[in-house]
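1. Attaching a predicted model along with its sequence, questions to come.
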Amino acid sequence: MNVSKDKSSRWDHVLTLLSQAKRLSVSEVAADLGISESTVRRDFVEMERAQLARRTHGGIVAVDVAYSLATTPRSSDHAAAEREQVASHAASLVAPGQIIGFNGGRTTTSTARRAVARPDIDGRDGRPGLTVVCAALNIATETVLRPSVRTVVLGGVAEPYSFELTGPLATATMRDLWLDVMFVGTIGLDVQAGLTCNSDAEAGVTRIMIGHSRRVVGLATADKIGHRALAGICPVSALTDLVIAGTVTDELREHLAEASVRLHEV
């Protein structure tokens, strides 16, 4: 694919750079893409109209609120590198043109970010390169920045810490939607308790998303194994795949094999 010839691909490339650098100049983008500065200026004007960036003299800067919510991790810990390994592999499971869903969480947010940034996700003939159904507001801010990605946001009440949307509006919306792949982040992963989280309201929405998906991919790091949070999301057997970083216990490995869940160790 020639990035310089395709506006959607150019915008995706520029937005990826902008999320990292926060400021770009016309000249550096023109040199990077091998296109004319007049083309870059036109792109920058259209990006500002779409509220994806703000123009400055000679360039553009990131829209502070959207980019800070979308790209800033809430914490840094020993599991951060492992979460990114999980996200990288999970994003590789997405096929162009699919309808994919995410519940809230750091690993699902990273997976969404990586999935929509893939260079082969390209909308053609008016069709989106990917459709993302978001149960969390911060993931929606990741995906809506991509012109080739269609973003569907569930209604409902936003939870203040997870940004997840819950309540009757969220569940009613999801009952009319169908997914190819659902990515499920979890607080706990236990052979008996299954996947668990801290909110029964969040778990309820995620369960409906799982029930409306052809493929269900659990995302976890090894520190989640054996931990049980308040609310059950689903049994381990409800998954089709589990992507996990770190040492997998023999008990969990055997349980996955018995339930015919594909294990992806990264």
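-> That came through, no problem. Numbering: from 1, shown residues only.
2. now stretch 117-134: mean pLDDT?
-> Averaging pLDDT along stretch 117-134 yields 87.
3. Quick check: E46 vs V14, distance?
-> 11 Å (CB to CB, to the nearest Å). Backbone N, C-alpha and C define where each C-beta goes, glycine included.
4. of those two, who's got more company?
-> Per other CB atoms under 10 Å, whichever of E46 and V14 has more neighbours is V14, with 22 against 14.
5. Next, give phi and psi for the more buried one.
-> phi -70, psi -40 (degrees, to the nearest 10).
6. G104 contacts N138, doesn't it?
-> Yes: using CB atoms under 8 Å, G104 makes contact with N138 at a distance of 7.5 Å.
7. list the residues that contact both of those two?
-> F163 (CB atoms under 8 Å, 6 or more residues apart in numbering).
8. Look at these two and report which has more neighbours.
-> G104 (26 against 23).
9. Check the gap between that one and I139 for me.
-> 7 Å.
10. what do those two both touch?
-> F163.
11. so after whichever strand in the chain runs longest, what's the next helix or strand?
-> Criterion DSSP state E: the longest strand present in the chain is strand 213-221. Sequence-wise, the next helix or strand downstream of strand 213-221 (DSSP states H and E) is strand 231-234.
12. Pull out the buried positions in the helix or strand that comes right after that following strand.
-> Remark: after strand 231-234, the chain's next helix or strand is strand 241-245, criterion DSSP H and E. Buried residues in strand 241-245, counted by 16 or more other CB atoms under 10 Å: 241-245.
13. now stretch 211-223
-> By neighbour count on 16+ other CB under 10 Å, the buried set for stretch 211-223 is 212-213, 215-222.
14. From the residues you listed, pick the one nearest I99.
-> S213 (8.8 Å; CB to CB).
15. so the closest one makes contact with F183?
-> No: using CB under 8 Å, S213 is not in contact with F183; the gap is 9.3 Å.
16. Mutual contacts of those two, please.
-> G101.
17. any weak-confidence spans in this structure?
-> 1-6, 8, 51, 63-79 (pLDDT under 70).
18. Number of residues surrounding D120?
-> 11.
19. List phi and psi for H212.
-> Residue torsions, per degrees, to the nearest 10, at H212 are phi -110, psi 20.
20. List the residues that contact it.
-> Counted by CB under 8 Å, 6+ apart, H212 has contacts 174-175, 177-179, 182.
21. roughly how far apart are it and D176?
-> In terms of CB to CB, H212 sits 9 Å off from D176.
22. try E28
-> 45 Å.
23. follow-up on the earlier one: and the contacts of H212 as JSON lines, adding distance to V191, secondary structure and neighbour count?
-> JSON lines is the format used below for the contacts of H212 (distance: CB to CB, whole Å; DSSP: H, G, I helix; E, B strand; the rest coil; neighbours: other CB atoms under 10 Å):
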{"residue": "M174", "distance to V191": "28", "secondary structure": "helix", "neighbour count": "26"}
{"residue": "R175", "distance to V191": "30", "secondary structure": "coil", "neighbour count": "11"}
{"residue": "L177", "distance to V191": "31", "secondary structure": "coil", "neighbour count": "16"}
{"residue": "W178", "distance to V191": "30", "secondary structure": "coil", "neighbour count": "13"}
{"residue": "L179", "distance to V191": "26", "secondary structure": "strand", "neighbour count": "23"}
{"residue": "M182", "distance to V191": "21", "secondary structure": "strand", "neighbour count": "26"}
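24. would you turn those residues into TSV with distance to G97?
-> Listed next are the contacts of H212 as TSV, based on distance: CB to CB, whole Å:
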residue	distance to G97
M174	21
R175	23
L177	16
W178	14
L179	13
M182	16
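25. List the contacts of R262.
-> 240-242.
26. ok, 6 Å please
-> D241 (CB atoms under 6 Å, 6 or more residues apart in numbering).
27. Quick check: phi and psi on A115?
-> When read as degrees, to the nearest 10, the backbone of A115 gives phi -60, psi -50.
28. So S9 lies in a strand, does it not?
-> No: under DSSP: H, G, I helix; E, B strand; the rest coil, S9 sits outside any strand and is assigned helix.
29. before we move on, the earlier item: give the residue from E28 and D176 that has the larger number of neighbours.
-> Neighbour count, other CB under 10 Å: between E28 and D176, E28 has more, with 15 against 7.
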